[in-house]
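Trainee: Below are the sequence and a predicted model for it; my questions follow.
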Amino acid sequence: MSKRRSFSQPTPYPVANRNLCIAAVVVAMVWLSSILWPAQTTAAWPFVAEIQASSWVAGVLAAAGIGILRSIRRAALCAVLALLAVLVVPRVPAPNFSDAHTSTRVFSLNTYWGQADDKRIARAIEELKPDVVFLIETNAEEVEKVAEQSGYEPLTKPRPGNDRADNVVGLVSASFKEKTGAHGNMVRGLTRFQTPRVNAPLHGNSEFVGVHAVAPAKDDRKAWEQDLASLSDWANSRRHLVLAGDFNATRSHPRYRDFELSDCTGHLAHTPTWPAVFPVIRLDHIMTTGECLGGGTKRIPGTDHLAVWADVTT
């Protein structure tokens with residue numbers, strides 16, 4: 001007699017595991033979909049900006065949810081691998097194709113109400129040798145010290161008063177000013193804060209503009225959305241423009257994606273810049289109507305932001 005061949009039936013996943021998997025994946029999909037929500041109607045809603053900025057967590061949650069079909073151990077392993085991916089990949093350096101003869105180096109730092117170490121700012125400027133520098137959340141004393149120690153010339157002035165978050169100042173190197181005829185003024189009406197512009201008429205009529213958008217907190221959520229909308233509308237109509245500063249927005253925010261400029265990161269996937277101790281999101285950006293040729297970040301003690309720099313054409 002021939003033996004009957006038997007096949008083992010696959011072991012079904014436990015009901016509890018299936019339910020947890022479905023719940024995790026559904027939450028992850030809703031979380032990730034937030035980056036597509038219409039900004040005009042949802043940006044002012046509580047916690048929407050934070051949900052969008054942390055949308056990368058949805059990938060970790062989805063990985064854990066799928067892993068939990070097997071076991072808690074598998075879920076933890078999947079979550080750790082996904083977390084490592086989102087933490088490591090943005091920090092992988094990209095090739096630097098900068099050409100000193102054709103590019104302009106721009107440096108921007110949110111000095112966190114003027115608390116950044118002035119000597120370290122000047123040292124970073126000396127090391128990087130940028131052509132244009134923007135100091136954000138600064139004050140007159142800090143600008144004076146950085147100018148004195150670095151030899152860079154401020155082309156705009158901080159507004160007097162107690163609201164130090166308002167102050168954004170543009171400085172240039174002596175050689176850049178001489179070569180390009182650089183001079184400064186303010187662009188009015190774009191954001192609540194100062195918007196300094198470095199005009200370079202002998203450099204293809206290029207404009208270098210310092211940016212500080214209102215943070216999306218409490219009653220300022222609508223103002224934040226309006227700041228970014230005004231900035232993008234204005235910037236998208238310009239030629240030979242560079243924007244640099246603290247946008248208080250990431251690529252996950254719909255209003256940030258409205259900008260039609262090249263986004264310069266110097267890394268494979270947008271190195272985070274905030275908070276400085278262990279950055280998890282990128283709030284500080286440099287964008288140009290031209291090309292990005294290289295860039296990076298730099299740690300300056302005393303502030304909660306990393307400085308950003310980039311070599312650009314306009």
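Mentor: That came through, no problem. Residues are numbered from 1 along each chain as shown.
Trainee: ok so residue 303 is a helix residue?
Mentor: No - checked against DSSP: H, G, I helix; E, B strand; the rest coil, residue 303 lies outside a helix; its state is coil.
Trainee: Give me the spatial nearest neighbour of it, chain neighbours excluded.
Mentor: Distances taken as C-beta to C-beta, 6 or more residues apart in numbering place residue 112 nearest to residue 303, at 3.7 Å, with adjacent residues excluded. All C-beta atoms are positioned from the backbone trio N, CA, C, and that covers glycine.
Trainee: how many neighbours does residue 147 have?
Mentor: Close neighbours of residue 147, defined as other C-beta atoms under 10 Å, add up to 18.
Trainee: quick one, what contacts it?
Mentor: 153, 154, 171 (C-beta atoms under 8 Å, 6 or more residues apart in numbering).
Trainee: gap between the nearest residue to residue 188 once chain neighbours are set aside and residue 34?
Mentor: Residue nearest to residue 188 in three dimensions, not counting chain neighbours: residue 195, with 7.6 Å by C-beta to C-beta, 6+ apart. Plainly put, residue 195 is 28 Å away from residue 34 if you go by C-beta to C-beta, to the nearest Å.
Trainee: Sheet partners, orientation included, of the helix or strand containing residue 297?
Mentor: Assigned by DSSP states H and E, residue 297 falls within strand 292-298. Strand partners for strand 292-298, identified by DSSP bridges, are recorded as strand 307-312 (antiparallel).
Trainee: Give me the contacts around the partner strand.
Mentor: Against strand 307-312 from outside (C-beta under 8 Å, 6+ apart): 96, 98-99, 103-109, 124, 128, 130, 242, 244, 262, 264-266, 273, 284-286, 288, 290-300.
Trainee: rewinding a little: and the residue nearest to residue 303, how far from residue 307?
Mentor: Residue 112 sits 11 Å away from residue 307, going by C-beta to C-beta.
Trainee: Those two: which is more packed in?
Mentor: residue 307 (28 against 19).
Trainee: can you give me the helices in the protein?
Mentor: 15-33, 39-42, 48-53, 56-67, 72-88, 118-128, 140-150, 174-180, 221-235 (DSSP state H).
Trainee: Could I get the buried residue list for the fourth one?
Mentor: Yep, that's helix 56-67 we're talking about. The neighbour-count check on helix 56-67 (16 or more other C-beta atoms under 10 Å) flags 56, 57, 58, 59, 60, 61, 62, 63, 64, 65, 66, 67 as buried.
Trainee: With the first one instead?
Mentor: For helix 15-33, a neighbour-count test (16+ other C-beta under 10 Å) marks 17, 20, 21, 24, 25, 28, 31, 32 as buried.
Trainee: what do you get for the third one?
Mentor: Counting neighbours by 16+ other C-beta under 10 Å, one finds that the buried residues in helix 48-53 are 48, 49, 51, 52, 53.
Trainee: my read: the fourth one touches residue 256, true?
Mentor: No - between residue 52 and residue 256 no contact is recorded; they are 9.4 Å apart, counting by C-beta atoms under 8 Å.
Trainee: Next, show the common contact partners of these two.
Mentor: By C-beta under 8 Å, 6+ apart, the residues touching both residue 52 and residue 256 are residue 250.
Trainee: So the chain: which segments form each domain?
Mentor: 15-91, 104-312 (automatic domain parsing).
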